[in-house]
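S.K.: Sequence first, predicted coordinates after that:
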Amino acid sequence: MKIKFTFLTLFLIGILWVPISAYAQDKPPTDDLGNVSDAFQENFFEALKQKGIENYELALNALDKAEVAAKDDPENKAVVYFEKGKNLSALKRYEEAENNYKLFLEWSPEKIEVLEALYDMYYDDKNYDAAILLVKKLILQDSDYKEDLANLYHRTKQYDKALILLDEIDEDWGESNYRNALRSQIYRVTGNTSKAISKLEEKIDKNPKSEQEYLNLIFLYSEEGDVKKAFETAKELIKQKPNSHLVHLALYKFYLEDRASEKAINSMNIIFSSNQIERKSKIRVIEDFLLFTKTNPSYKTEISGLITNGLTEGNSHVYLLLGDYYLSEGEKEKSLNFYKKGIDNDSDNYGLLKNTILLQIEVEKYEDAIALSAFGLEIFPAQPLLYLVNGVANNELKNANQAIEILEMGLDYLFDDPKMEYDFYQQLTIAHTLKGNTKKAKLYHNKASELSITNQKTDN
């Protein structure tokens, strides 16, 4: 059985949408092929083998032969139709797949494995109207499919039906995070967030110890822009559940905005030490805090604590933010250290690579700049800036021949960028001057001068 809904995990201040699928049983709807010919058995199992290695066309060829070998045996033919349906679905030949599934259902109309496979196909094809009709049949055999039906009503914008069904399921099974999140989404889509808020407030009145309901309510208030009520709800949750960790993912932001620095730092420390909060969320807290310090420099003394807690390890985006932060503070060596750590973790990050090399040039670490730009060109061979900075660094080290070679190569990748072209000619002028080739130095100096005039006109 495949549960075809988007599982909504309400996690604190935001709703994380996590698709969850429990895949259909991939087996023939009969465990015994009966007394069959060798030709049927050989071709049928060849089809299963080919499907197993995703050779769907070859599987279909084998199934065609198996169907012929089945002759007038309705059960074996039905098994072939089912397998054909699965292979055709995998090839997104949905109409043909549907025909084969229906041929099987003519033989056995209630076979749940086939109904599930057909439902999966309708869902993958986004044929939600047909999926609704089919899932109503599946509900008769498995009531778990009621949640699928609620999701399908939502997808087809039948919001009233979805809400009624969600309430019915809650009555039978009790509440769940998935259904609460789906209901909240419907309220937002229909512009009826106030109703969702009222419903959550009613639930909290009945069960004031329900942490998740408070978190959901904080999110909805935040969505509505009612920061005051969101903050009040978070503080009420702390009163009801003093040991709650998740609420601090909301509180630290409110405390920062309220200039309650000690409380904000305390909330962040609880977040970082909690084993209930995933690392990804902790990283987002660091990112938020680093961005906050850009406009609130009084908090910068707390950054060292964030760095030493180990959460930055292995996250290139945080390294980039730390590098940017220390660069803005004029601490170039610290900035360079974090940029380099980011590259070690994510060498394909061109922005990080560029920032690092430019800073290496600025702090006169020319050999490092040459090595890193050469490394970058292996990954980004068409980026002219990497050729340029490599040429600059070689010129600074008086490596004129190497500078000329790399700069001339880089010119081939310049497209309609007169300002960078000017820089290339300037560096080629320097390189040929170092070699004592005044003729070529003058040639590139003149080209640079012409571009300088053109650039000035463009700027004006």
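M.R.: Sure, I can see it. Numbering: from 1, shown residues only.

S.K.: what sits up against stretch 385-402?
M.R.: 353-354, 357-358, 360-361, 364, 366-367, 369-370, 373-374, 376-377, 380, 403-404, 406-407, 409-411, 413, 420, 423-424, 427-428, 430-432, 434-435 (C-beta atoms under 8 Å, 6 or more residues apart in numbering). All C-beta atoms are positioned from the backbone trio N, CA, C, and that covers glycine.

S.K.: name the element Gln50 belongs to?
M.R.: Element membership of Gln50, judged by DSSP states H and E, is helix 38-52.

S.K.: For that helix, C-alpha coordinates in PDB please.
M.R.: Extracted as PDB, the C-alpha positions of helix 38-52 are listed here (Å, rounded to 0.1, in the frame of the first residue of the first chain):
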ATOM      1  CA  ASP A  38       7.600 -23.600 -19.600                       C
ATOM      2  CA  ALA A  39       7.300 -20.800 -22.200                       C
ATOM      3  CA  PHE A  40       4.900 -18.800 -19.900                       C
ATOM      4  CA  GLN A  41       7.100 -19.300 -16.800                       C
ATOM      5  CA  GLU A  42      10.300 -18.500 -18.600                       C
ATOM      6  CA  ASN A  43       9.000 -15.300 -20.200                       C
ATOM      7  CA  PHE A  44       7.100 -14.200 -17.100                       C
ATOM      8  CA  PHE A  45      10.200 -14.500 -14.800                       C
ATOM      9  CA  GLU A  46      12.400 -12.900 -17.500                       C
ATOM     10  CA  ALA A  47      10.000  -9.900 -17.300                       C
ATOM     11  CA  LEU A  48      10.400  -9.800 -13.500                       C
ATOM     12  CA  LYS A  49      14.100  -9.900 -13.900                       C
ATOM     13  CA  GLN A  50      14.200  -7.100 -16.500                       C
ATOM     14  CA  LYS A  51      11.800  -4.900 -14.400                       C
ATOM     15  CA  GLY A  52      14.100  -5.400 -11.400                       C
END
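
S.K.: which residues in the chain form strands?
M.R.: Along the chain, counting by DSSP state E, strands occupy 5-11, 14-20.

S.K.: Just the buried ones from the contacts of stretch 385-402, in ChimeraX syntax?
M.R.: The ChimeraX command for the buried members of these (criterion: 16 or more other C-beta atoms under 10 Å) is given here:
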select :353,354,357,360,361,366,369,370,373,376,377,380,403,404,406,407,410,413,420,423,424,427,428,430,431,432,434
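
S.K.: circling back: list the buried residues of the helix holding Gln50.
M.R.: Neighbour-count burial for helix 38-52 flags 40, 43-44, 46-47, 50-51 (criterion: 16+ other C-beta under 10 Å).

S.K.: Need those residues in CSV (columns: pLDDT and distance to Ile139).
M.R.: CSV is the format used below for the buried residues of helix 38-52 (pLDDT from 0 to 100; distance: C-beta to C-beta, whole Å):
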residue, pLDDT, distance to Ile139
Phe40, 87, 35
Asn43, 89, 36
Phe44, 89, 32
Glu46, 90, 37
Ala47, 88, 32
Gln50, 87, 34
Lys51, 88, 29
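
S.K.: nearest to Val285, of those residues?
M.R.: Of all the buried residues of helix 38-52, the one with the least separation from Val285 (C-beta to C-beta) is Lys51, at 46.4 Å.

S.K.: With adjacent residues omitted, what lies nearest to the closest one?
M.R.: Nearest residue to Lys51, sequence neighbours excluded (C-beta to C-beta, 6 or more residues apart in numbering): Ala59, at 4.3 Å.

S.K.: Can you find the helix or strand of this structure with the lowest average pLDDT?
M.R.: The helix or strand of the chain with the poorest confidence is strand 14-20; it has a mean of 26 (mean pLDDT, DSSP states H and E).

S.K.: State the mean pLDDT of stretch 373-388.
M.R.: On average, the pLDDT along stretch 373-388 is 94.

S.K.: ah, wrong one, I meant stretch 410-419
M.R.: Stretch 410-419 shows an average pLDDT of 88 in the prediction.

S.K.: What residues of that stretch count as buried?
M.R.: Neighbour-count burial for stretch 410-419, counted by 16+ other C-beta under 10 Å, picks out 410, 413.

S.K.: Would you mind writing the CA trace of that stretch as PDB?
M.R.: Provided in PDB are the C-alpha atoms of stretch 410-419 (Å, rounded to 0.1, in the frame of the first residue of the first chain):
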ATOM      1  CA  GLY A 410      41.400  33.900 -19.600                       C
ATOM      2  CA  LEU A 411      40.800  36.400 -22.400                       C
ATOM      3  CA  ASP A 412      39.100  33.600 -24.400                       C
ATOM      4  CA  TYR A 413      36.400  33.300 -21.800                       C
ATOM      5  CA  LEU A 414      35.500  37.000 -21.600                       C
ATOM      6  CA  PHE A 415      32.100  37.900 -23.000                       C
ATOM      7  CA  ASP A 416      30.900  41.500 -23.100                       C
ATOM      8  CA  ASP A 417      32.600  42.500 -19.900                       C
ATOM      9  CA  PRO A 418      34.700  45.600 -20.800                       C
ATOM     10  CA  LYS A 419      35.600  46.400 -17.100                       C
END
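
S.K.: So what touches it?
M.R.: Here stretch 410-419 makes contact (C-beta under 8 Å, 6+ apart) with 382-384, 386-388, 390-391, 420-421, 424, 451, 454-455, 458.

S.K.: try stretch 157-172
M.R.: Stretch 157-172 has contacts (C-beta under 8 Å, 6+ apart) with 143, 146-147, 149-151, 153-154, 176, 179, 182-183, 186, 189-190.

S.K.: Using CSV, list the CA coordinates for that stretch.
M.R.: Extracted as CSV, the C-alpha positions of stretch 157-172 are listed here (Å, rounded to 0.1, in the frame of the first residue of the first chain):
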residue,chain,number,x,y,z
LYS,A,157,-9.7,22.5,-3.9
GLN,A,158,-12.7,20.7,-2.3
TYR,A,159,-11.9,22.4,0.9
ASP,A,160,-15.2,21.9,2.7
LYS,A,161,-15.2,18.2,2.0
ALA,A,162,-11.6,18.0,3.2
LEU,A,163,-12.4,19.8,6.5
ILE,A,164,-15.5,17.6,7.2
LEU,A,165,-13.5,14.4,6.6
LEU,A,166,-10.6,15.6,8.8
ASP,A,167,-13.0,16.2,11.6
GLU,A,168,-14.5,12.8,11.1
ILE,A,169,-11.1,11.1,11.2
ASP,A,170,-10.2,13.0,14.4
GLU,A,171,-13.4,11.8,16.0
ASP,A,172,-12.5,8.2,15.2
